[in-house]
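In: Structure of the sequence below:
(4 chains)
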2 protein chains.
Amino acid sequence: MKATIFNVAVDLFFRKGYFATSMSEIAKGCGIKKASIYHHFAGKEALLFAIMDTTMQDLLAHLESCLTRENDTEGRLRAAVRGHVRFHLERQKETFIASSELRGLTPAHFYTVTARRDAYESIFQELIRHGMGQGVFAPGDVKILSYAVLTLCTAGASWFRPEGRLTVDAIAAIYETFVINGLQPARAASGRGAAVISDVACGH
Amino acid sequence: MKATIFNVAVDLFFRKGYFATSMSEIAKGCGIKKASIYHHFAGKEALLFAIMDTTMQDLLAHLESCLTRENDTEGRLRAAVRGHVRFHLERQKETFIASSELRGLTPAHFYTVTARRDAYESIFQELIRHGMGQGVFAPGDVKILSYAVLTLCTAGASWFRPEGRLTVDAIAAIYETFVINGLQPARAASGRGAAVISDVACGH
DNA sequence: GTCTATACGATGATAGAC
DNA sequence: GTCTATCATCGTATAGAC
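Out: Model prediction:
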């Protein structure tokens, strides 16, 4: 039953939002009365925290398992992007909640979840920084570019439809290409891109 | 006073979210009692709709004004991305609300706002499609790539800090480069990118 | 245009029976 | 572990005085 409550809450928080969802609705979705929920969870916020915390833990573990198989920097970032997109689409509801309902957490829980998120982001930032050092990626502002890469893929969780035209793997491949292309030095033919990045944003 | 209520609501909806904000809080922020708000707005949802609708109208008008100055396809998409990012960072609170609080609208208002959003997205999709036809951009799935471009830049409104390290224009330039690079055909040297896009996602 | 006063429902949460 | 019953609070919104 604890798992049922968890799953129903995930579904409702995803569809209606955390604040717009009531304990009565969750209970109704489980076929019990709302008082019974308090036997399994301390309260509504505890339920939200349980969802977000397990999601962030799983996300971090998933990324680490994706990276163990890769060696060179470009391959590692490609794997990281693919894994990021796959996780966000396959566990769409939880990841959408995790990235949009932070304001519903108590300060202590907020700290815990954002700490996990920061650790996750750091891995991407290290990969990008390393690739720039090797010349695999064009020089640029690591923080901004990492946000670009991450939010780009995270946003997939807000428009993705499982029954839609493309599979998760197809979308992951498109994003992988887009991101790696975006980070690589611009071609000699056009040449405007990398110049703009390094002119404007390289550590001033 | 109507404008004051509007601005205070923008600030609170941005910081706490629409459902988590009460009419009393808005009134307190304006220095009046909550009953007085109903003289200016029909209710809380009317306030949300007013914010979202004017924001989407202004966003669309802004894009059109950015495009009148440009001729070739790449230049037009560059200008569109720059304009998109600038608008989302300069009017951060409103655009964040507009992209995250759709669920708070009545069905009729939801329809109006999403219609404006779809019109906006179509302009980007046409630019990308046109560029692919010319060979300026690599062939690929227009819908997915347009979502990638748009959400990428929209997400700026969720992490941007006006007092931060980089100016709006600097961030816009970084994003412009990243997006155009991401869409262009991959270089001969590496060559994996465009192949993956067209293999996987080109109209099957 | 703003106020006081209030209607009226829904909310998260608790107590205690079974 | 689930129930019924209930609490205290807060929500949006309205009526009518000034």
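In: Alongside DNA strand C, which residues does chain A contribute?
Out: Neighbours of DNA strand C within chain A, by C-beta under 7 Å from any atom of the strand: A:21, A:22, A:23, A:24, A:25, A:34, A:35, A:38, A:42, A:43, A:44, A:45. (C-beta placed from N, C-alpha, C; glycine too.)
In: Chain neighbours aside, what residue packs nearest to the last one?
Out: Of all residues not flanking residue A:45 in the chain, residue A:106 sits nearest, at 6.0 Å (C-beta to C-beta, 6 or more residues apart in numbering or on different chains).
In: tell me the contacts of the residue most central in space within chain A?
Out: Note on chain A: the residue nearest the mean C-alpha position is residue A:154, at 4.6 Å, using C-alpha atoms, centre = their mean. By C-beta atoms under 8 Å, 6 or more residues apart in numbering or on different chains, the contact set of residue A:154 is A:84, A:88, A:95, A:99, B:155.
In: nearest spatial neighbour of the first one, skipping sequence neighbours?
Out: Which is residue A:84. residue A:153 (4.9 Å).
In: Pretty sure the one you found sits against residue A:175.
Out: Yes - using C-beta atoms under 8 Å, residue A:153 is in contact with residue A:175, at 5.6 Å.
In: Pick out whichever of these two has more residues nearby.
Out: The neighbour comparison of residue A:153 against residue A:175 (other C-beta atoms under 10 Å in any protein chain shown) goes to residue A:153, with 29 against 25.
In: and that one, what is it in contact with?
Out: Neighbours of residue A:153 in contact, by C-beta under 8 Å, 6+ apart: A:81, A:84, A:85, A:88, A:175, A:179.
In: how distant is the helix ranked longest in chain A from the center of its chain?
Out: Ranked by residue count, the top helix of chain A under DSSP state H comes out as helix A:107-134. For helix A:107-134, the separation from the chain centroid amounts to 11 Å (computed by C-alpha atoms, centre = their mean, to the nearest Å).
In: before we move on, what about stretch A:155-162?
Out: 12 Å.
In: what's the straight distance from one end of it to the other?
Out: Terminal residues of stretch A:155-162 lie 15 Å apart, using C-alpha to C-alpha, to the nearest Å.
In: Show me where chain A dips below the pLDDT cut-off.
Out: Flagging of chain A using pLDDT under 70 yields the residue ranges A:187-204.
In: If we use 50, what do you get?
Out: A:189-204 (pLDDT under 50).
In: Domains in it, by residue range?
Out: A:1-41, A:44-201 (automatic domain parsing).
In: what's the most buried one of these?
Out: domain A:44-201 (a mean of 18; mean count of other C-beta atoms under 10 Å in any protein chain shown).
In: Run through the residues that contact the residue nearest to residue A:127 when sequence neighbours are not counted.
Out: Beyond its immediate neighbours in the sequence, the residue positioned closest to residue A:127 (C-beta to C-beta, 6+ apart) is residue A:77, lying 4.7 Å away. Under the criterion of C-beta under 8 Å, 6+ apart, the neighbours of residue A:77 are A:124, A:127, A:128, A:131, A:179, A:180, A:183.
In: How about the secondary structure of residue A:77?
Out: helix (DSSP: H, G, I helix; E, B strand; the rest coil).
In: I'd like the distance between it and DNA strand C.
Out: 41 Å (C-beta to the nearest atom of the strand, to the nearest Å).
In: in chain A, which spans are strands?
Out: Using DSSP state E, chain A contains no strands.
In: Let me see the ranges of the helices in it.
Out: A:2-16, A:23-30, A:34-40, A:44-67, A:73-90, A:92-100, A:107-134, A:142-154, A:156-159, A:168-183, A:192-201.
In: which other residues reach the third one?
Out: The contact list for helix A:34-40 (C-beta under 8 Å, 6+ apart) reads A:1, A:2, A:5, A:23, A:24, A:26, A:27, A:30, A:47.
In: For DNA strand C, state which of those residues is nearest.
Out: Nearest to DNA strand C among the contacts of helix A:34-40 is residue A:23, at 3.7 Å by C-beta to the nearest atom of the strand.
In: give the contact list for the closest one.
Out: A:34, A:37, A:44.
In: restrict these to contacts with DNA strand D.
Out: Of these, not one also sits near DNA strand D (C-beta under 7 Å from any atom of the strand).
In: quick one: which of the residues you listed is nearest to DNA strand C?
Out: Relative to DNA strand C, the closest of the contacts of residue A:23 is residue A:44; by C-beta to the nearest atom of the strand it sits at 3.8 Å.
In: Please tell me how far that closest one sits from residue B:178.
Out: Distance of residue A:44 to residue B:178, given as C-beta to C-beta, to the nearest Å: 39 Å.
In: about what we covered before: which single one of the contacts of residue A:154 is nearest to DNA strand C?
Out: residue A:99 (21.1 Å).
In: Find the nearest non-adjacent residue to residue A:160, please.
Out: Residue A:160's closest residue in space is residue A:89 (C-beta to C-beta, 6+ apart), at 5.0 Å.
In: was I right about the one you found contacting residue A:159?
Out: No - under the criterion of C-beta under 8 Å, residue A:89 makes no contact with residue A:159, lying 10.3 Å away.
In: Dump the helices of chain A into JSON lines; add distance to residue B:64 as well.
Out: Below are those laid out as JSON lines (distance: least, C-beta to C-beta, whole Å):
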{"stretch": "helix A:2-16", "distance to residue B:64": "34"}
{"stretch": "helix A:23-30", "distance to residue B:64": "42"}
{"stretch": "helix A:34-40", "distance to residue B:64": "50"}
{"stretch": "helix A:44-67", "distance to residue B:64": "39"}
{"stretch": "helix A:73-90", "distance to residue B:64": "32"}
{"stretch": "helix A:92-100", "distance to residue B:64": "30"}
{"stretch": "helix A:107-134", "distance to residue B:64": "35"}
{"stretch": "helix A:142-154", "distance to residue B:64": "25"}
{"stretch": "helix A:156-159", "distance to residue B:64": "24"}
{"stretch": "helix A:168-183", "distance to residue B:64": "26"}
{"stretch": "helix A:192-201", "distance to residue B:64": "24"}
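In: any idea how far the residue nearest to residue A:127 lies from residue B:142?
Out: 25 Å.
In: Same question for residue A:173.
Out: For residue A:173, the distance to residue B:142 - C-beta to C-beta - is 16 Å.
In: One more: residue A:11?
Out: 31 Å.
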